[in-house]
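Peer 1: Got a sequence here, can you build the structure:
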Amino acid sequence: MQADCILGHPAVNAADRKVLARGRMGVYPEHMTERPYALDAQIGYVLRRVTQRHLALFSDAIPEVTTTQFAVLARLAELGPQSQNALGRETALDAATIKGVVDRLTRQGLVTTFPDPDDRRRLTVDLSEEGRAVFLRLVPTALEVSARTLGPLSEVEQRQLLDLLMRLA
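Peer 2: Have a look, this model is predicted:
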């Protein structure tokens, strides 16, 4: 079966059609051409490309911190002091990653750490005065980066996309 024969098949979505229209069937055997694996139609690939675009916009606009570091600052601004473990959960970071992020933010003077008074084994993290000032200064730029990331979509599409992604998160 040729690629042009399956373009009208109901199981072939728009992204698949785009790939198939290029005539790239590659190594697919005859029995697999009804529903080929089109990389451009795969959620993980598309999310990675969108993430790469967002990260590039963010790093150009906000070179002082990474998106992950900014997320930690944002959660601390929102929730107040947190144990390092809780902060990792709140920012969807594993224990090793949150430790590294907190260490870097501490070295930059943006957060402070101190032992939890109830459990000396637990480390509590808070925004420093400088961290609070930096976060508040960067918020308008971060909001603009988000707006630029979503810019190709209408306002309704932006809300729909965020709602749908939140259902997947």
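Peer 1: For the most centrally placed residue in the chain, give me phi and psi.
Peer 2: Geometric centre of the chain, nearest residue: residue 51, 5.5 Å, by Cα atoms, centre = their mean. Main-chain torsions, residue 51, degrees, to the nearest 10: phi -60, psi -40.
Peer 1: pLDDT value on it, please?
Peer 2: You'll see residue 51 listed with a pLDDT of 97.
Peer 1: Please apply the same query to residue 1.
Peer 2: Reported pLDDT for residue 1: 37.
Peer 1: per-residue pLDDT, residue 38?
Peer 2: pLDDT, read off for residue 38, is 83.
Peer 1: Backbone dihedrals for it, please?
Peer 2: Here residue 38 shows phi and psi, under degrees, to the nearest 10, equal to phi -100, psi 110.
Peer 1: do the same with residue 115
Peer 2: phi -70, psi 140.
Peer 1: Quickly note the distance from it to residue 39.
Peer 2: As judged by Cβ to Cβ, to the nearest Å, residue 115 and residue 39 stand 49 Å apart. Backbone N, C-alpha and C define where each C-beta goes, glycine included.
Peer 1: Run through the helices of this structure in chain order.
Peer 2: 3-6, 14-21, 43-61, 67-79, 84-90, 95-107, 129-150, 155-168 (DSSP state H).
Peer 1: Indicate which one of these is closest to residue 120.
Peer 2: Of all the helices of the chain, helix 84-90 sits nearest to residue 120, with 13.4 Å by Cβ to Cβ.
Peer 1: re earlier: I'd like the helices of the chain as JSON lines, with distance to residue 121 appended.
Peer 2: Converted to JSON lines, these look like this (distance: least, Cβ to Cβ, whole Å):
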{"stretch": "helix 3-6", "distance to residue 121": "60"}
{"stretch": "helix 14-21", "distance to residue 121": "50"}
{"stretch": "helix 43-61", "distance to residue 121": "35"}
{"stretch": "helix 67-79", "distance to residue 121": "21"}
{"stretch": "helix 84-90", "distance to residue 121": "10"}
{"stretch": "helix 95-107", "distance to residue 121": "13"}
{"stretch": "helix 129-150", "distance to residue 121": "24"}
{"stretch": "helix 155-168", "distance to residue 121": "34"}
